[in-house]
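Student: I'd like to go over a predicted model; first the sequence, then the structure.
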Amino acid sequence: MNKENDILKWFDGEISTEMIQQKYPDEDFSTLKKASFYTKQIEVPKVDAEKALEEFKTRTFHKKEVKVVSFNAQFFLKIAAILVVLFGASYFFFFNNTASYNTTIAQTETFFLPDNSEVVLNAQSELNYNKKEWQNNRTLELDGEAFFKVTKGNTFTVFTDAGSIQVLGTQFNVKERERYFEVQCYEGSVSVTYQDKKTILSPGKSFRVIDGKVIDTKDFNAENPSWLAKETTFDHVPLWQVINELEIQYNIKIEAKNVDVTKIFSGSFTHTNQNIALQSVTIPLKLSYKIQGNKVEFYNYETK
């Protein structure tokens, strides 16, 4: 075991890399170098080798003589660590095919899919797809809101908890939040499936569901969703949905005290100034607000 002992000494720093490479010039140490780094991060349990050996000698199985094989516990543990690293790396590179993108409060992210389709992910959203299957199966899972510019090709499908959206090549926005689902088509055509019923959207058309109920919407003529320009726009939506978006963009918690959160709101708020955003929502609804840290209270004028 001269070679194994030398490798152990090299792991422990007793032999330099240059020295062991000179002694074993035909050995490929590239993999061992990687394993050496990771095994040094692992705390090896202390073993009383002499005690363990004596206990092993005293054991018998079915009264047959047992041949005792001497081994180095430290060497065994480090080789086991190497195998863990190698198998872990193999799994990561060969079996983990899921690509994931996510954003936090007040964050957006732009990225490109393998077919060069562009995706812009709005705040507090997550998107996943299978890299290996993408060429033949362009499907994604979305939780939150995203704007898509899809290159032409085979069918492109976005799945959400509320419904699915299918296109060939187009530009569209999907918003799937708690109790709210909306798809807007900006270019081409979009097929929206909700509760097994399909709806085809052309440019300027929307499909919206609030609290499980399909809501009629007006046509729009915007080229892109407003949130790409750091502004959120609403057209006849309940106040509770506006409050949810304010909380996502500003990392605040809003309490609507004695306020009817089913009030309908049409308007917009900026993502760059919290006070202006709060005023943009409360003033049209004849509400006021007060701020305490990251907590905001909405209230009616007459209650204060």
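Tutor: Arrived safely.
Student: When you work out contacts or count neighbours from here on, use the C-alpha atoms and nothing else.
Tutor: Will do.
Student: looking at the protein, which helix or strand does the model trust least?
Tutor: helix 30-39 (a mean of 49; mean pLDDT, DSSP states H and E).
Student: How about the most centrally placed residue in the chain: which residues does it bridge to?
Tutor: The structure's the chain has its C-alpha centroid closest to residue 102; by CA atoms, centre = their mean the separation is 3.8 Å. Residue 102 has these beta-bridge partners by DSSP bridges: residue 126.
Student: Quick one, grab the pLDDT at it.
Tutor: Model confidence at residue 102, given as pLDDT, is 96.
Student: for stretch 99-110, the distance to its chain's centre please.
Tutor: 7 Å (CA atoms, centre = their mean, to the nearest Å).
Student: Return the residues in contact with residue 155.
Tutor: 137, 138, 166, 167, 168 (CA atoms under 8 Å, 6 or more residues apart in numbering).
Student: ok, back up a step: okay but the residue nearest to the centre of the chain is in contact with residue 127, surely?
Tutor: Yes. Taking CA atoms under 8 Å as the definition, residue 102 is a contact partner of residue 127 at 6.3 Å.
Student: Which phi and psi values does residue 162 adopt?
Tutor: phi -90, psi -40 (degrees, to the nearest 10).
Student: Now for the nearest residue to it once chain neighbours are set aside, how many residues are close by?
Tutor: Excluding its sequence neighbours, the residue lying closest to residue 162 (CA to CA, 6 or more residues apart in numbering) is residue 181, at 6.5 Å. For residue 181, the count of nearby residues is 24 (other CA atoms under 10 Å).
Student: now residue 243
Tutor: Applying other CA under 10 Å, I find that residue 243 has 19 neighbouring residues.
Student: That one and residue 251 touch, don't they?
Tutor: No. Judged on CA under 8 Å, residue 243 makes no contact with residue 251 at a distance of 11.4 Å.
Student: CA atoms only: put stretch 239-248 into CSV for me.
Tutor: In CSV, the C-alpha atoms belonging to stretch 239-248 read as follows (Å, rounded to 0.1, in the frame of the first residue of the first chain):
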residue,chain,number,x,y,z
LEU,A,239,-58.3,47.0,-4.1
TRP,A,240,-57.0,43.8,-2.5
GLN,A,241,-55.2,42.9,-5.7
VAL,A,242,-53.6,46.4,-5.8
ILE,A,243,-52.6,46.0,-2.2
ASN,A,244,-50.9,42.7,-3.0
GLU,A,245,-48.9,44.3,-5.8
LEU,A,246,-47.8,47.2,-3.5
GLU,A,247,-46.6,44.7,-0.9
ILE,A,248,-44.6,42.8,-3.6
